[in-house]
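Engineer: My questions concern the predicted model and sequence given below.
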Amino acid sequence: LDFVVALRSFIVQTTIVGTILSGLSSIFGVSTKRAFIVGLIQGLGGNLSLPDRSCFAREVFLWAKERPVDQGAPLDCDVDESGKNYISYNLHCGDIAYSAEENPSLKTVVKTVSTQRTMAQLKPWIESGEPFILVGNEGCGKNLMIRHAFAQRRRVAIATLN
């Protein structure tokens, strides 16, 4: 926590309690060391600038005596369903197919490394129903990411207020 606070690069001003709650929400229910490491990086580092988040990730892996899949991109990994193995985010390309009734904009999200990283970061908050703030420049895809994240869940409806 001291490392994160010392960086002083929060994207959105927050309190230490807010930072702690963010960290805890991403490690809730984890049962393996590797899942804890990834959750800690996503939770405590989630409000840091990308370069500082990457620096924080390197430190966490070093403290834990672990190695990310790609040491040059420590943020671009997650754990598999078992929580025992690191997996690397990779670009997923494939056919885009949808019926006339479906909304094609929700089916056309290209799973880039950045998109996968963002979805992994949002997942704990979406699954728990916790409120969160998604920040970014106008037109960067915030609305698309939120809609895509919630579209992955069954029987969930969202309303957007601007």
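Structural biologist: Here it is on my side, so go on. Residues are numbered from 1 along each chain as shown.
Engineer: What is the longest helix seen in the chain packed up against?
Structural biologist: What stands out as the longest helix in the chain, according to DSSP state H, is helix 113-128. Other helices and strands packing on helix 113-128, by 3 or more C-beta pairs under 8 Å, 6 or more residues apart in numbering; DSSP states H and E, are helix 16-27, helix 33-45, helix 142-151. Where C-beta positions appear, they are placed from N, C-alpha and C, glycine not excepted.
Engineer: could you redo the last one with a cut-off of 7 Å?
Structural biologist: When contacts are defined as 3 or more C-beta pairs under 7 Å, 6 or more residues apart in numbering; DSSP states H and E, helix 113-128 packs onto helix 16-27, helix 142-151.
Engineer: chain center to the longest one: distance?
Structural biologist: This means helix 16-27. Remark: helix 16-27 is offset 14 Å from the chain centroid, using C-alpha atoms, centre = their mean, to the nearest Å.
Engineer: For Leu44, see how far away the residue nearest in space to the middle of the chain is.
Structural biologist: Most central in the chain under C-alpha atoms, centre = their mean is Gln121, positioned 1.5 Å from the mean C-alpha point. Here Gln121 is placed at a distance of 12 Å from Leu44 (C-beta to C-beta, to the nearest Å).
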